[in-house]
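Asker: this is a predicted model, with the sequence first.
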Amino acid sequence: TGTDPGWADEVRALARERDAVLLAHNYQLPEIQDVADHVGDSLALSRIAAESQASTIVFCGVHFMAETAKILSPDKTVLIPDARAGCSLADSITAEQLREWKAEHPGAVVVSYVNTTAAVKAETDICCTSSNAVEVVDSIPRDREVLFLPDQFLGAHVRRTLERENMHVWAGECHVHAGINGKQLTDQAAAHPGADLFVHPECGCATSALYLAGTGAVPAEQVRILSTGGMIDAARATGATEVLVATEVGMLHQLRLAAPEIEFRAVNERASCPYMKMITADALLRSVREGTDEVHVDPELAARGRAAVQRMIEIGQ
Ligand code: 13P
Ligand code: SF4
């Protein structure tokens with residue numbers, strides 16, 4: 001396991017033998033984050049995967065992230081330590097449902113969150129992540145209708161930020177983030193006056209965060225809606241001594257490394273993504289040893305989705 005002496009050295013040595021770069025999302029288990037060459041949010045990891053010189057990418061994250069890396073680099077070998085690591089948000093819309101939605105809105109620009117399958121990306125004009133969703137939608141002329149999918153909370157955040165009426169939002173959600181609710185945030189904010197609030201836009205409590213800021217219950221400058229990468233930057237910059245974190249609990253590890261002097265507290269300690277946690281120390285060791293699980297994307301689907309993903313990594317650089 002990850003606590004066995006020698007595990008990290010063995011993983012790194014086997015990765016080097018394969019000419020593999022190890023990427024880990026901010027929600028991965030601490031030992032996986034610590035052994036990786038790069039840790040980051042969805043957007044940062046997509047960019048690194050696209051630019052890496054390594055011939056193999058080992059993606060410690062969930063399946064759509066590894067698929068996105070494969071779409072960007074079809075000639076590289078992309079491995080995910082456990083191919084069963086899915087995503088409830090990506091599962092909330094199928095390509096067939098998207099085709100039907102598009103037929104109801106001819107001419108609309110389709111913006112898909114990166115948390116989607118390759119088949120959905122193939123039906124998409126521009127992908128985005130939580131880091132650049134506002135910039136991506138803002139890059140679309142205001143007279144064009146927008147279909148935004150699949151996350152309703154992120155969609156509502158973008159719509160509110162840009163005050164854009166002609167933006168339709170799919171009613172999908174991530175079960176982990178939807179479960180971080182307004183009551184939990186309000187109670188924690190009351191119990192920890194003076195704390196900053198870092199809230200991921202996929203959270204069910206994102207609207208409550210803005211309400212707390214709007215009513216002055218928490219000073220507006222202390223309430224931040226951020227991607228996981230944005231939380232790291234904000235942690236380094238804030239003067240606060242305590243931060244309440246509304247996102248998946250794996251995030252706390254990088255936050256504590258980035259700003260050890262700050263006390264970080266999860267708004268909901270049970271907000272753990274079962275898919276992210278399928279990437280165990282044993283699974284990673286097996287992956288670099290045996291070359292499992294290889295990620296394949298149908299070349300025709302990949303070709304159709306590539307432009308949308310490339311626009312995503314270019315916007316908000
Ligand atoms: P970001 O890393 O882009 O903030 O995404 C969060 C997430 O839920 C990925 O599954
Ligand atoms: Fe998907 Fe939610 Fe898990 Fe992220 S936290 S991988 S959005 S289920």
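Answerer: In hand now; what should we look at? Ligands and ions are numbered 1, 2, ... in the order given.
Asker: need the residues of this structure near ligand 1, please.
Answerer: Contact residues, the chain versus ligand 1 (C-beta under 6 Å from any ligand atom): N26, D41, S42, L43, N115, T129, S130, S131, C174, E202, S227, T228. The way it works is simple: take the backbone N, C-alpha and C, and place the C-beta from them, glycine included.
Asker: element containing the fourth one?
Answerer: According to DSSP states H and E, L43 maps onto helix 42-51.
Asker: gap between the residue lying closest to L98 once chain neighbours are set aside and ligand 2?
Answerer: Take L98 and drop its neighbours on the chain: the residue closest to it by C-beta to C-beta, 6 or more residues apart in numbering is E123, 4.8 Å away. Counting by C-beta to the nearest ligand atom, to the nearest Å, the gap from E123 to ligand 2 is 20 Å.
Asker: what do you get for L29?
Answerer: 13 Å.
Asker: nearest residue to that residue other than its sequence neighbours?
Answerer: K277 (6.3 Å).
Asker: could I get the pLDDT score of E314?
Answerer: In the predicted model, E314 carries a pLDDT score of 93.
Asker: output the below-cut-off pLDDT ranges for the stretch 1-150 of the chain.
Answerer: Nowhere does the stretch 1-150 of the chain drop to pLDDT under 70.
Asker: find the closest residue to ligand 2 in it.
Answerer: C87 (3.2 Å; C-beta to the nearest ligand atom).
Asker: tell me where the stretch 101-250 of the chain has strands.
Answerer: 109-113, 126-128, 146-149, 167-169, 196-199, 223-225, 242-246 (DSSP state E, counting those that start in this stretch).
Asker: could I get the residues of the chain next to ligand 1 as a markdown table with neighbour count and distance to P260?
Answerer: Formatted as a markdown table, these follow (neighbours: other C-beta atoms under 10 Å; distance: C-beta to C-beta, whole Å):
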| residue | neighbour count | distance to P260 |
| --- | --- | --- |
| N26 | 26 | 17 |
| D41 | 24 | 21 |
| S42 | 27 | 25 |
| L43 | 25 | 25 |
| N115 | 28 | 30 |
| T129 | 25 | 27 |
| S130 | 26 | 25 |
| S131 | 23 | 24 |
| C174 | 27 | 29 |
| E202 | 26 | 27 |
| S227 | 24 | 22 |
| T228 | 27 | 18 |
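Asker: just the ones of those in helices?
Answerer: In helices, defined here by DSSP state H, the members of these are S42, L43, T228.
Asker: which residues touch the residue nearest to L98?
Answerer: A95, L98, R99, K102, V110, R304 (C-beta atoms under 8 Å, 6 or more residues apart in numbering).
Asker: and it, its phi and psi?
Answerer: Backbone torsions of E123, given as degrees, to the nearest 10, read phi -100, psi 10.
Asker: could you check how far I180 is from Q188?
Answerer: The spacing between I180 and Q188, counted by C-beta to C-beta, to the nearest Å, is 10 Å.
Asker: so for these two, which residues contact both of them?
Answerer: Common neighbours of I180 and Q188 (C-beta under 8 Å, 6+ apart) are V267.
Asker: so for stretch 247-265, mean pLDDT?
Answerer: Rounded mean pLDDT across stretch 247-265 is 98.
Asker: ditto for stretch 218-227
Answerer: 96.
Asker: now it - C-alpha only, PDB.
Answerer: Extracted in PDB, the C-alpha atoms of stretch 218-227 (Å, rounded to 0.1, in the frame of the first residue of the first chain):
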ATOM      1  CA  VAL A 218     -20.200  36.900   5.800                       C
ATOM      2  CA  PRO A 219     -18.200  39.800   4.300                       C
ATOM      3  CA  ALA A 220     -18.300  39.500   0.500                       C
ATOM      4  CA  GLU A 221     -14.600  39.600   0.100                       C
ATOM      5  CA  GLN A 222     -14.400  36.400   2.200                       C
ATOM      6  CA  VAL A 223     -16.700  34.400   0.000                       C
ATOM      7  CA  ARG A 224     -15.000  32.900  -3.100                       C
ATOM      8  CA  ILE A 225     -16.500  30.600  -5.800                       C
ATOM      9  CA  LEU A 226     -13.400  28.700  -7.100                       C
ATOM     10  CA  SER A 227     -12.200  25.700  -9.100                       C
END
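Asker: that stretch close to ligand 2?
Answerer: No: judged by C-beta under 6 Å from any ligand atom, stretch 218-227 stays clear of ligand 2, getting no closer than 11.5 Å.
Asker: buried set for that stretch?
Answerer: Residues of stretch 218-227 classed as buried: V218, Q222, V223, R224, I225, L226, S227 (neighbour count, 16 or more other C-beta atoms under 10 Å).
Asker: tell me the one of the residues you listed nearest ligand 2?
Answerer: Relative to ligand 2, the closest of those is S227; by C-beta to the nearest ligand atom it sits at 11.5 Å.
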